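Peer 1: coordinates only, sequence not included:
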């Protein structure tokens with residue numbers, strides 16, 4: 001990983017990047033493609049949390065759960081898989097996860113090397129005058145100077161008072177993704193995207209799961225019609241969803257076989273494992289040394305404008321560390337492109353965070369872009385909506401996976417017709433792979449009349465989006 005010769009002390013680069021996660025390595029690859037000289041300082045492994053302890057490992061386990069569901073239902077399709085129930089060897093899935101991550105890691109390091117990006121091992125700290133010092137790692141003591149510096153140190157899981165992470169009874173996503181067995185019972189604290197993914201895969205693999213969410217609903221920010229589908233599916237699969245209550249702490253059992261979670265409303269829940277999934281905090285401790293001019297807010301996030309510029313000229317920030325932005329890997333990619341283009345003086349617009357695509361890989365899957373119905377109304381917009389369930393979709397029937405719907409939110413014109421599409425919300429089979437057309441419709445401010453002309457293949461899951469939009473024109477085929 002180390003290329004100390006190229007990164008000797010005082011070496012100058014067009015861009016020095018602190019952090020090699022999605023935002024950091026995207027900055028490096030995009031900048032190098034534009035002919036800039038780049039150095040990355042990474043404390044662990046390039047790819048960051050997303051590749052090694054987040055997005056990719058979690059989705060591998062979710063795919064294990066999907067395969068298990070499929071095998072258990074094989075008889076419905078006339079396929080005999082044996083007389084015994086299928087078994088899950090989670091250690092094999094863990095090994096497969098390692099192989100997937102390693103292959104992607106080697107591919108990424110090869111890309112960076114091929115584009116002549118210098119990678120140094122250690123924790124990077126920003127000093128005044130665009131100097132970056134490497135501390136605590138193999139290349140500690142090395143100092144670099146960048147014409148531009150990009151801060152991309154990423155984030156780490158948050159915990160809660162009374163739920164100290166010990167890696168045995170209380171886990172965050174980091175420790176959970178290293179398990180080699182499926183816990184018999186789990187309390188998932190936090191009902192956001194990551195919490196629902198963990199709850200879904202654990203329930204599929206045989207755990208008794210309870211979700212504990214302090215807010216009034218799981219999947220806060222999602223359209224309520226979508227949330228309703230997920231809640232019904234979770235309940236049907238035995239996942240208990242407790243909302244509107246927090247966690248006060250836990251008491252380990254004397255026999256060492258688990259712990260008892262204490263809720264704020266007085267209830268107690270005995271479980272073998274607690275998974276804390278309450279968001280992530282920025283990794284900004286030790287990031288700045290001296291008077292750099294960079295502003296960090298009260299929550300520890302770096303303050304940057306729409307073009308990713310911090311308060312310090314020539315210092316930029318991308319990814320999870322940026323204040324007021326969604327902590328999504330693909331948002332880091334987009335911010336990296338904006339930052340590099342702005343450095344080069346090329347025409348570029350800021351990322352519109354209200355329209356970025358979201359993908360949640362629980363079962364059923366969730367995907368959306370743009371405003372929910374409630375959010376549009378809160379903004380004072382008159383809306384018209386249409387929903388189409390997957391139950392009427394022939395491909396979904398063939399798959400035997402009909403839970404879910406597509407909902408399109410459009411602005412209501414003075415004549416009552418549907419105007420620009422404000423939001424597209426999906427829940428159901430493979431919707432994370434179907435959102436592209438909806439994302440484009442929202443970001444191009446297309447109208448249903450524009451999009452309804454697009455021909456959807458038949459039979460396909462994407463027909464449900466096409467049918468929903470067609471219905472908004474007032475002339476739907478299967479829905480009014």
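Peer 2: That came through, no problem. Because the structure is predicted, anything quoted here is derived from the model rather than measured. Numbers count the residues shown, from 1 in each chain.

Peer 1: Apart from its neighbours in sequence, what residue is nearest residue 278?
Peer 2: residue 190 (4.2 Å; Cβ to Cβ, 6 or more residues apart in numbering). Glycine gets a C-beta too; all of them are placed from N, C-alpha and C.

Peer 1: Over to residue 234?
Peer 2: In this structure, residue 234 finds its nearest non-sequential neighbour in residue 241, 5.8 Å apart by Cβ to Cβ, 6+ apart.

Peer 1: Specify the local secondary structure of that neighbour.
Peer 2: Secondary structure, DSSP: H, G, I helix; E, B strand; the rest coil: residue 241 is strand.

Peer 1: That one touches residue 213, doesn't it?
Peer 2: Yes: between residue 241 and residue 213 there is a contact at 7.3 Å, judged by Cβ atoms under 8 Å.

Peer 1: the more surrounded of these two?
Peer 2: Set side by side, residue 241 and residue 213 show more neighbours around residue 213, with 24 against 19, by other Cβ atoms under 10 Å.

Peer 1: ok, that one - contacts?
Peer 2: Neighbouring residues of residue 213 by Cβ atoms under 8 Å, 6 or more residues apart in numbering: 190-191, 195, 241-245.

Peer 1: Next secondary structure element downstream of the lengthiest helix in the chain?
Peer 2: Identified as the longest helix of the chain according to DSSP state H is helix 90-114. Per DSSP states H and E, the first helix or strand lying C-terminal to helix 90-114 is strand 118-121.

Peer 1: can you pull the buried residues of that following strand?
Peer 2: Neighbour-count burial for strand 118-121 flags 118-121 (criterion: 16 or more other Cβ atoms under 10 Å).

Peer 1: Could you check the longest helix of the chain and say which residues are buried?
Peer 2: Neighbour-count burial for helix 90-114, counted by 16+ other Cβ under 10 Å, picks out 90, 93-94, 97, 100-101, 105, 108-109, 112.

Peer 1: same check, this time on stretch 401-409
Peer 2: The neighbour-count check on stretch 401-409 (16+ other Cβ under 10 Å) flags 401-409 as buried.

Peer 1: can you give me the mean pLDDT across it?
Peer 2: Stretch 401-409 comes out with an average pLDDT of 98.

Peer 1: about what we covered before: shared neighbours of residue 241 and residue 213, anything?
Peer 2: Common neighbours of residue 241 and residue 213 (Cβ under 8 Å, 6+ apart) are residue 191.

Peer 1: what does stretch 160-180 contact?
Peer 2: With Cβ under 8 Å, 6+ apart as the criterion, stretch 160-180 contacts 53-54, 57-58, 61, 90-91, 94, 97, 156-157, 159, 189, 194, 198, 246-250, 252, 258-259, 262, 273-278.

Peer 1: Mind giving me the ChimeraX select for those residues, buried ones only?
Peer 2: To isolate the buried ones among the contacts of stretch 160-180 in ChimeraX, judged by 16+ other Cβ under 10 Å, type:
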select :53,54,57,58,61,90,94,97,156,157,159,189,194,198,246,247,248,250,258,259,262,273,274,275,276,277,278
